[in-house]
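Chemist: With the sequence up front, the predicted model follows.
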Amino acid sequence: MEDKKSDINKESILALKDGIELLSGKWKFCILHNLQNYGTMRFKDLQEMALGISPKVLSKELQELEDNLLITRTVNNTKPVTVSYALTAHAKETEEVVNALIDFGLKHRKKIKGK
């Protein structure tokens, strides 16, 4: 019985580590949240909505999200050329996690301010 519990715990810990690694960084949740709420967005719009992210960091975060199949990047044939980003179907599964983190953050802020 103990081995089964141990295997389940190991699997849970590995899954937790994968999830944390995938979504780590202070901006990925903001990017996902904005794309969940506003749909397809251009780079500049994402930068403005993230409140303080540099273009270099945004590019890095977007590349990591794209590499992990959470967003798609589309180069639009416009003048000047624009690039837009959208969630993949796989990324829609993160919505519950993002919303739970927002709820926790709001409750935490109230608790801390109420001290």
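Modeler: Perfect, thanks for sending it. Source: prediction; values computed, not measured. Numbering: from 1, shown residues only.
Chemist: can you count the residues close to the closest residue to residue 27 other than its chain neighbours?
Modeler: Spatial nearest neighbour of residue 27, chain neighbours left out: residue 61 (4.8 Å); criterion: C-beta to C-beta, 6 or more residues apart in numbering. All C-beta atoms are positioned from the backbone trio N, CA, C, and that covers glycine. Other residues within reach of residue 61, judged by other C-beta atoms under 10 Å, total 21.
Chemist: Residue 61 against residue 25, yeah?
Modeler: Yes. With contacts counted by C-beta atoms under 8 Å, residue 61 reaches residue 25, the gap being 6.0 Å.
Chemist: Just the mean pLDDT for stretch 71-87, thanks.
Modeler: The pLDDT scores in stretch 71-87 average 94.
Chemist: And that stretch, how far out from the chain middle?
Modeler: 19 Å (C-alpha atoms, centre = their mean, to the nearest Å).
Chemist: low pLDDT regions in this structure?
Modeler: By pLDDT under 70, the low-scoring segments of the chain are 1-4, 115.
Chemist: hmm, 90 instead?
Modeler: 1-11, 16, 18-26, 50-52, 113-115 (pLDDT under 90).
Chemist: now the strands: where do they sit in it?
Modeler: Using DSSP state E, the strands found in the chain span residues 41-42, 71-76, 82-87.
Chemist: how about CSV for those, with distance to residue 30 and mean neighbour count added?
Modeler: As requested, these are exported to CSV (distance: least, C-beta to C-beta, whole Å; neighbours: other C-beta atoms under 10 Å):
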stretch, distance to residue 30, mean neighbour count
strand 41-42, 12, 17
strand 71-76, 13, 14
strand 82-87, 13, 16
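Chemist: Could you export these as TSV, including distance to residue 32?
Modeler: Shown next, in TSV, are those (distance: least, C-beta to C-beta, whole Å):
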stretch	distance to residue 32
strand 41-42	11
strand 71-76	8
strand 82-87	7
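Chemist: which residues sit in contact with residue 58?
Modeler: For residue 58, the contact set (C-beta atoms under 8 Å, 6 or more residues apart in numbering) comprises 27, 31, 43, 46-47, 50.
Chemist: And the furthest pair within those?
Modeler: 27 and 43 (13.1 Å; C-beta to C-beta).
Chemist: what about the two, which has more around it?
Modeler: Set residue 27 next to residue 43 and count neighbours by other C-beta under 10 Å: residue 27 wins out with 20 against 16.
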